[in-house]
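>>> sequence first, then the predicted structure, then my questions.
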Amino acid sequence: MKRRTFVGAAASLPAFSILAAGGARAQSKEIRMIESGGLSGDSIQVGYIDPLKAKTGITVVRESPSSLGRLRALVESGQTSATMFELGSGVVLQAKKLGLIEPIDWAAVNPAAMFPEAKAEYGFGYQYFSTIMAWRAGAKEPKNFTEFFDIKAFPGKRCLPDYPHYCLPFAVQATGVPIDKLFPLDVDTAFKKLDEIKKEVAVWWKAGAQPPQLMKDNEVQYSICWSGRVVGDPAFGLNFAGGKADLSFFGIVKGSKPEDKAAAYKLMHEMSLPENQAKAAGVISYTGPSPDLDALLPKDKLWQFPTSKQNKAVQYFENAEWWAENGEAVNKKWEAFKLSL
Amino acid sequence: MNRQERSTGFGFVAPLLVLMVVAFNAPIAYMLGLAFWDKGQGFTLEHYQGLLEAPVYLRVLGNTMRIALIATLANVLIGYPLAHWMRGLQNRARLVAIALVVLPFWVSILVRTYSWIVVLGNAGLVNRALQWSGLTEQPVQFLYNELGVTIGMANVLLPFLVLPLFAAMIRIDDRLLQAAASLGAPPRTIFWKVYFPLTLPALAAGTLLVFILCLGFYITPAILGGGRVPMISNLLDTLINQIPRWEQASAISTILLVVSLLIFAAYRRLDRTASL
């Protein structure tokens, strides 16, 4: 047994070196990606990595979590062991500004049809997710964010995100601003609104798993949380109205080897195929960037997905440019606000 | 010790020393240096200036100090009587008590912190008992405020205070206390004049250790504080992982380090004057 593996390895060695000498056409048999973990990571495995492995034999090893700080450490240490890195829509711009990611060679990816916003210069938008209002089953149901923020008419503890870019636009909506007029964001109005309800906010969440758990435990009755964590669970009610549709991207880590990049582009191609996206959506209720995906999803579950027609129409889309400009200044105000709690 | 002996001794220690410097001190020095060194610009104090102009980060540091102080005091109030009580136990009971104090060390800090939600939450054991017994109508808000953070931190850090204190207490010779009693001192005087001063160095060392550990606490404030209790390590997490402004984080860390060292120096000075 041992001898045969040795012979096999020896036989494949010349072939491998020829491939490597082939330059741009060569590709690695194993690459690494850093993604955000949890069910979302499982959906990448089932939807894209497994099909890629079956077709090409390329292995993709997943690691998590994926913070911008980790990407910066990876690039600045010159240790580019990971080729693909998951980034939020705003983070793509930050990472680009800091010179941590490379432009994507879309010709090499050769993707199937994609929504235009997902086909960015520096990122492959692979997963739509929504941030929406949800409540513990049985609580009085708000129809919009004005009602959600009305603690008199809708009594109950709230659980809101401990991130300004998730929290502030909803507070602005609560003052009656329609979703197409949210940006440029009126930060002061947003904080004034938050001041009104902060006494009723029991928890400011950092991890997406917190709000559903806190609602189940009856610690809070209302949350702003990620749609995939609450849809399809009878313990919760939810409403996409006024929610935020956002897109997660994969970027290519700066300084990656060409053969690793070639393999990464192969995976991105798999990510663009609607049949693979349907598999991923079976694991977590988030959707891929293909306009043809709706037809492949189960009809009775369309209401759960961020990009299905009835949901996409009532949400606003994250304004990553505005946050890239103003994020840091807003963050200081956010810290000051948190000190006033 | 002659000179040759001293140099061979150093030879044995050198590998460890090199490891410490290369793997531990050098990266820290590099991180702390980040605040002073800008790429392309050279030496700068810009990041410290930024802290002074927008003092919100310094206020978070102040808040951290305050909560660390409260948690440390809570620790002393619980830990001192506990250690004293353990000293008076019989051998077997004492072993059981030590095991119970150390036991939480074997449970993941995350599990320990979450279990407080089960105990103190709105639908938790304590609130149910309170409401069942008719003491309160509404659930008492134990968690997601400074009280919750203090309880959680006291729980996690208690062994750090109790164990050194207990070790010092069992070393106290009972005959000293008997001698004081035979000279007619009432129990209270014996405690304050004889017993307490003998435990003071261990108490001071344990308190200092707990206080400094409190300053860097991350998980407990994040979970039991409900995001309502800003502490410096959570702020540093934002600055390092999300924004990422390592230079600003480095400046804050340097200030934190200096403050901790000052506290330590003050303690050493007190210790020396006390032992003189």
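Everything's here; your move.
>>> what does the pLDDT read for residue 75?
Answering for chain A, as no chain was given. pLDDT for A:Val75: 93.
>>> I was after chain B.
With respect to pLDDT, B:Asn75 scores 94.
>>> and the next helix or strand past the helix or strand where it lies?
Assessed by DSSP states H and E, B:Asn75 sits inside helix B:56-87. Of the helices and strands lying after helix B:56-87 in sequence (DSSP H and E), the nearest is helix B:91-102.
>>> next structured bit after that next one?
Sequence-wise, the next helix or strand downstream of helix B:91-102 (DSSP H and E) is helix B:109-120.
>>> what's in contact with that next one?
Residues outside helix B:109-120 that contact it (Cβ atoms under 8 Å, 6 or more residues apart in numbering or on different chains) are A:217, A:219, B:104, B:124-127, B:142-143, B:148, B:151-152, B:155-156, B:219-220, B:223-224. All C-beta atoms are positioned from the backbone trio N, CA, C, and that covers glycine.
>>> among the residues you listed, name the ones in helices.
Using DSSP state H to define helices, the subset of those located there is B:Leu125, B:Val126, B:Asn127, B:Gly148, B:Ile151, B:Gly152, B:Asn155, B:Val156, B:Ile219, B:Thr220, B:Ile223, B:Leu224.
>>> show me what whichever residue of the stretch 151-300 of chain A sits closest to chain B bridges to in the sheet.
Nearest residue of the stretch 151-300 of chain A to chain B (Cβ to the nearest Cβ) works out as A:Trp204 at 2.9 Å. With DSSP bridges as the criterion, A:Trp204 is bridged to A:Leu160.
>>> Provide the count of other residues in contact range of it.
24 (other Cβ atoms under 10 Å in any protein chain shown).
>>> swap in the one 5 residues further on?
A:Ala209 is flanked by 13 other residues according to other Cβ under 10 Å.
>>> next: B:Leu176.
When counting by other Cβ under 10 Å, one arrives at 13 neighbours for B:Leu176.
>>> any chance you could map the helices in the stretch 151-276 of chain B?
With DSSP state H, counting those that start in this stretch as the criterion, the stretch 151-276 of chain B has helices at B:174-182, B:187-189, B:196-215, B:219-224, B:232-237, B:246-275.
>>> quick one: the strands in chain A, in order.
A:30-34, A:59-63, A:84-88, A:101-102, A:124-136, A:158-161, A:201-205, A:222-226, A:236-253, A:316-317 (DSSP state E).
>>> on that earlier part again, so which elements touch the helix holding B:Asn75?
Packing contacts for helix B:56-87, counted by 3 or more Cβ pairs under 8 Å, 6 or more residues apart in numbering or on different chains; DSSP states H and E, involve helix A:320-339, helix B:46-53, helix B:91-102, helix B:146-171, helix B:196-215, helix B:232-237, helix B:246-275.
>>> can you redo those helices as JSON lines with distance to A:Thr175, mean pLDDT and mean neighbour count?
Listed next are those as JSON lines, based on distance: least, Cβ to Cβ, whole Å; pLDDT from 0 to 100; neighbours: other Cβ atoms under 10 Å in any protein chain shown:
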{"stretch": "helix A:320-339", "distance to A:Thr175": "16", "mean pLDDT": "89", "mean neighbour count": "17"}
{"stretch": "helix B:46-53", "distance to A:Thr175": "30", "mean pLDDT": "84", "mean neighbour count": "14"}
{"stretch": "helix B:91-102", "distance to A:Thr175": "53", "mean pLDDT": "92", "mean neighbour count": "13"}
{"stretch": "helix B:146-171", "distance to A:Thr175": "31", "mean pLDDT": "92", "mean neighbour count": "21"}
{"stretch": "helix B:196-215", "distance to A:Thr175": "39", "mean pLDDT": "92", "mean neighbour count": "18"}
{"stretch": "helix B:232-237", "distance to A:Thr175": "29", "mean pLDDT": "90", "mean neighbour count": "21"}
{"stretch": "helix B:246-275", "distance to A:Thr175": "32", "mean pLDDT": "85", "mean neighbour count": "15"}
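>>> kindly reformat these as a markdown table containing distance to A:Phe115.
Shown next, in a markdown table, are the helices and strands packed on helix B:56-87 (distance: least, Cβ to Cβ, whole Å):
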| stretch | distance to A:Phe115 |
| --- | --- |
| helix A:320-339 | 15 |
| helix B:46-53 | 39 |
| helix B:91-102 | 57 |
| helix B:146-171 | 44 |
| helix B:196-215 | 47 |
| helix B:232-237 | 33 |
| helix B:246-275 | 35 |
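>>> nearest approach to A:Lys55 belongs to which of these?
Go through the helices and strands packed on helix B:56-87 one by one with Cβ to Cβ and the one that ends up closest to A:Lys55 is helix A:320-339, at 32.5 Å.
>>> do the closest one and chain B come into contact?
Yes: residues of helix A:320-339 are located near chain B by Cβ under 8 Å from any Cβ of the partner chain, namely A:Gly327, A:Glu328, A:Asn331, A:Lys332, A:Glu335, A:Ala336, A:Lys338, A:Leu339.
>>> which residues touch the residue in the stretch 51-200 of chain B positioned nearest to chain A?
For the stretch 51-200 of chain B and chain A, the shortest gap (Cβ to the nearest Cβ) falls at B:Val56, measuring 4.5 Å. For B:Val56, the contact set (Cβ under 8 Å, 6+ apart) comprises A:Lys332, A:Glu335, A:Ala336, A:Leu339.
>>> tell me which parts of chain A are close to chain B?
A:67-70, A:72, A:94, A:162, A:201-206, A:217-219, A:327-328, A:331-332, A:335-336, A:338-339, A:341.
>>> with only the CA atoms kept, save stretch B:190-202 in PDB.
Taking C-alpha atoms only, stretch B:190-202 is exported to PDB below (Å, rounded to 0.1, in the frame of the first residue of the first chain):
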ATOM      1  CA  ILE B 190      -7.400  40.100  67.900                       C
ATOM      2  CA  PHE B 191      -8.800  40.100  64.400                       C
ATOM      3  CA  TRP B 192      -7.900  43.700  63.600                       C
ATOM      4  CA  LYS B 193      -4.600  44.000  65.500                       C
ATOM      5  CA  VAL B 194      -3.100  40.500  64.800                       C
ATOM      6  CA  TYR B 195      -4.900  38.500  62.200                       C
ATOM      7  CA  PHE B 196      -5.800  41.100  59.600                       C
ATOM      8  CA  PRO B 197      -2.300  42.700  59.400                       C
ATOM      9  CA  LEU B 198      -0.800  39.300  58.900                       C
ATOM     10  CA  THR B 199      -3.100  38.700  55.900                       C
ATOM     11  CA  LEU B 200      -2.700  42.200  54.500                       C
ATOM     12  CA  PRO B 201       0.200  41.500  52.100                       C
ATOM     13  CA  ALA B 202      -1.600  38.600  50.500                       C
END
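>>> confirm for me that A:Ala118 is in contact with A:Gln127.
No: A:Ala118 lies out of contact with A:Gln127 (Cβ atoms under 8 Å); the separation is 9.2 Å.
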